[in-house]
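Novice: how does the following fold in three dimensions:
(4 chains)
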Number of protein chains: 2
Amino acid sequence: MPAPANPLALSLEHFMPYRLSVLANTVSSALAGAYASRFGLTIPQWRVIAVLARVPGLSAADVAERTAMDKVAVSRAVTGLARAGRVSRALAASDKRRSVLSLTVRGQAVYRRIVPLALAYERRLLAELSPAEQSQFETLLLRLQKRSWQLGPAREARV
Amino acid sequence: MPAPANPLALSLEHFMPYRLSVLANTVSSALAGAYASRFGLTIPQWRVIAVLARVPGLSAADVAERTAMDKVAVSRAVTGLARAGRVSRALAASDKRRSVLSLTVRGQAVYRRIVPLALAYERRLLAELSPAEQSQFETLLLRLQKRSWQLGPAREARV
DNA sequence: CCGCATTAGTTGCAATTGCAACTATAATCC
DNA sequence: GGATTATAGTTGCAATTGCAACTAATGCGG
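Specialist: Numbering: from 1, shown residues only, chains lettered A, B, ... in the order given. Down below sits the predicted model:
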């Protein structure tokens, strides 16, 4: 391994944004691999289902907010789910622009079949950590989440 | 907020894979926003540069391994970088299939200009945590990374 | 009320990505 | 040493995604 000779060292392996990205990717695609093939669901679709299972009647914009997806992604996910008969789409009486989304019985069935898979995977992942470490990790993660949100786009250090 | 009435509760906000994905995404796109516009770099290209800056002379496969990207992504990133005169590409004498990649002077210049931006962003993100918490977080993250790698694709719980 | 700005959601198009097929070189086995 | 198998990297094609433009419905100021 040749010695690096740079004034400012940045090694990818220790760069937090990179590490987060790799872990999130590994985890997401492991999970997606499980339910994509089994249920014909994409990640956005799975997210929509997960949200609607707990809070039926949301609008597309509500779903977008809760899933951190953009409205286009939600629109397409919902279209696919509706076509498969997994969500129902109606117009709100009070505001005919808004849609009112809910899981159909079939959608609920899919949800009930995926949840155990998802939770089992999460459980096996977190089994790496002791309960104390888990809650520690969750706390730190939450704080970083808030912070990253405050920071917004990386600005110039000062120019 | 309607009360959820599901046997197995899975709320997205508390689902670790989801939270990891959201954080990683926020962070990555904040950073990408900074160097994409300023330097015309994609995330894969930035990763290639970061690796080659520290270890010149790697092959494309080496880069793929170190960046957790697949070989196609590396190939295209390198093509773009080579066209922009930021990396040089040669064939290894001993094995004419392998390429020997290095940053050109211009590539090094780009690297030196991005590093401070990237490190500054990371510093501001991690400033949320005390030094002790930072190292705690890094340790836990590393363990989860290993674990997720061992787990591989999410298998059926047992069927 | 009537125009003007806003908001919800969809669609089109261009860029990105992922996977499989392909080319070229190298290693292996008989 | 010649056929077979494996490896490095590229390319083509199809699917995903992101952004901007668009439609439809609502709200608001005069």
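Novice: can you state the direction angle for the longest helix seen in chain A and helix B:16-39?
Specialist: When chain A is parsed with DSSP state H, its longest helix is helix A:16-39. Orientation check (axes from the mean of the first three to the mean of the last three CA atoms, to 10 degrees): helix A:16-39 against helix B:16-39 gives 130 degrees.
Novice: in helix A:16-39, which residues are buried?
Specialist: Using 16 or more other CB atoms under 10 Å in any protein chain shown as the test for burial, helix A:16-39 gives A:16-24, A:26-28, A:30-32, A:34-35, A:39. (Each C-beta comes from the backbone N, C-alpha and C, glycine too.)
Novice: any idea how far that helix is from the middle of the chain?
Specialist: Centre-to-centre, helix A:16-39 and its host chain are 10 Å apart (CA atoms, centre = their mean, to the nearest Å).
Novice: ok, now stretch A:65-79?
Specialist: 11 Å.
Novice: mind giving me the packing neighbours of the lowest-mean-pLDDT helix or strand in chain A?
Specialist: One helix or strand of chain A scores below all others by mean pLDDT, DSSP states H and E: helix A:16-39, with a mean of 89. Contacts defined by 3 or more CB pairs under 8 Å, 6 or more residues apart in numbering or on different chains; DSSP states H and E place helix A:16-39 against helix A:43-54, helix A:105-126, helix B:16-39, helix B:105-126, helix B:131-151.
Novice: swap the cut-off to 6 Å and go again
Specialist: Contact here means 3 or more CB pairs under 6 Å, 6 or more residues apart in numbering or on different chains; DSSP states H and E; on that basis helix A:16-39 packs against helix A:105-126, helix B:16-39, helix B:131-151.
Novice: turn those helices into a markdown table, columns for distance to residue A:72.
Specialist: Supplementary listing: these in a markdown table, determined by distance: least, CB to CB, whole Å:
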| stretch | distance to residue A:72 |
| --- | --- |
| helix A:105-126 | 21 |
| helix B:16-39 | 16 |
| helix B:131-151 | 29 |
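Novice: quick one, which of these is nearest to DNA strand C?
Specialist: helix B:16-39 (8.4 Å; CB to the nearest atom of the strand).
Novice: do any residues in that closest one lie close to DNA strand C?
Specialist: No: under the criterion of CB under 7 Å from any atom of the strand, helix B:16-39 makes no contact with DNA strand C; the nearest approach is 8.4 Å.
Novice: so does that helix get close to DNA strand D?
Specialist: No: Helix B:16-39 stays out of contact with DNA strand D when judged by CB under 7 Å from any atom of the strand, the minimum separation being 8.0 Å.
Novice: quick one: contacts of that helix?
Specialist: A:17, A:20-21, A:24, A:27-28, A:31, A:68, A:122, A:145, A:148, A:153-154, B:12, B:41, B:43, B:110, B:114, B:117, B:121 (CB atoms under 6 Å, 6 or more residues apart in numbering or on different chains).
Novice: interface residues of chain A facing DNA strand C?
Specialist: A:59-62, A:71-72, A:74-76, A:78-79, A:89, A:95, A:97-99.
Novice: ok, 6 Å please
Specialist: A:59-61, A:71-72, A:75-76, A:78, A:97-99 (CB under 6 Å from any atom of the strand).
Novice: now chain A against DNA strand D: closest residue?
Specialist: residue A:96 (3.5 Å).
Novice: for burial, what's the neighbour tally of that residue?
Specialist: Other residues near residue A:96 number 8, with proximity taken as other CB atoms under 10 Å in any protein chain shown.
Novice: part of a helix, is it?
Specialist: No: assigned with DSSP: H, G, I helix; E, B strand; the rest coil, residue A:96 falls outside any helix and is coil.
Novice: quick one, grab the pLDDT at it.
Specialist: With respect to pLDDT, residue A:96 scores 92.
Novice: give me phi/psi at it?
Specialist: Per-residue torsions, residue A:96: phi -70, psi 0 (degrees, to the nearest 10).
Novice: and if you look at residue A:58?
Specialist: phi -70, psi 160.
Novice: what's the closest non-adjacent residue to it?
Specialist: residue A:101 (5.6 Å; CB to CB, 6 or more residues apart in numbering or on different chains).
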